[in-house]
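>>> Provide a 3D model corresponding to the input given below.
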Amino acid sequence: MHSPDVSVQLDSPAAQDVRVLLDEHLADMFATSPAESVHALDHTALADPSVTFWSARDADGVLLGCGALADLDDGTGEVKSMRTTAAARGRGVAATLVARIVAEARSRGYSHLRLETGSEDFFAPARRLYVRAGFVERGPFGSYVDDPLSVFMELDLRSASPVA
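Presented below is the predicted three-dimensional model:
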């Protein structure tokens, strides 16, 4: 489900409303998982040139969510910092953001798009979102290590059909 009343555009993770959402995201991550199992990025890390950052906003410019694509320098990308505001949940905002990130990864010619999310019940909606988008579970990648609190997923962009 995609939300037609949502505009996804490149944005700055340093924008005030975005920083508030990212701070909320980090606070939830640290409240849900021990520090060594938190892999969310703060606004400074998301401003790295290897990261492309988008926000989702309504017609009035109100922030609804955000997401990022990190270039992993091996022909793959990683979904980072997916978050929707409490008011936007259930409206297709996250699916719209994932579709934008997948489209960008495809346009860059990445072979795979990967991500890490939590294994706890708190993260069940995120895992369902990614499964609906075609992601499947896999083992750790990059600098990640096996962690019972992490679920690693990937989308094979060479064979998967585009997210609708």
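
>>> Now the residue of the chain most remote from its centre. Its backbone dihedrals?
For the chain, the largest distance from the centre (C-alpha atoms, centre = their mean) belongs to residue 60, which lies 23.2 Å off. Here is the backbone geometry of residue 60 (degrees, to the nearest 10): phi -90, psi 0.

>>> So it versus residue 6, what's the distance?
Remark: distance between residue 60 and residue 6 (C-beta to C-beta, to the nearest Å) = 12 Å. Any C-beta I mention is one placed from the backbone N, CA and C, and that applies to glycine too.

>>> cool, residue 148 as well?
The gap separating residue 148 from residue 6 is 34 Å, by C-beta to C-beta.

>>> out of those two, which sits in the busier spot?
A side-by-side neighbour count of residue 148 and residue 6, using other C-beta atoms under 10 Å, places residue 6 first with 20 against 8.

>>> isn't that one right up against residue 62?
No: the pair residue 6 and residue 62 fails to qualify as a contact (C-beta atoms under 8 Å) at a distance of 10.4 Å.

>>> ok, residue 56 - contacts?
Applying C-beta atoms under 8 Å, 6 or more residues apart in numbering to residue 56 gives the contacts 6-8, 63-67, 84, 88, 93, 96-97.

>>> I'd like the list of the residues you listed that fall within strands, please.
7, 8, 63, 64, 65, 66, 67, 84 (DSSP state E).

>>> Can you check those and name whichever has the most neighbours?
Busiest of the ones in strands among the contacts of residue 56 [other C-beta under 10 Å] is residue 66, holding 29 neighbours.

>>> mind checking how far that one is from residue 159?
Taking C-beta to C-beta as the measure, residue 66 falls 28 Å from residue 159.

>>> ok, the ones in strands among the contacts of residue 56 vs residue 111, which is closest?
Relative to residue 111, the closest of those is residue 67; by C-beta to C-beta it sits at 20.1 Å.
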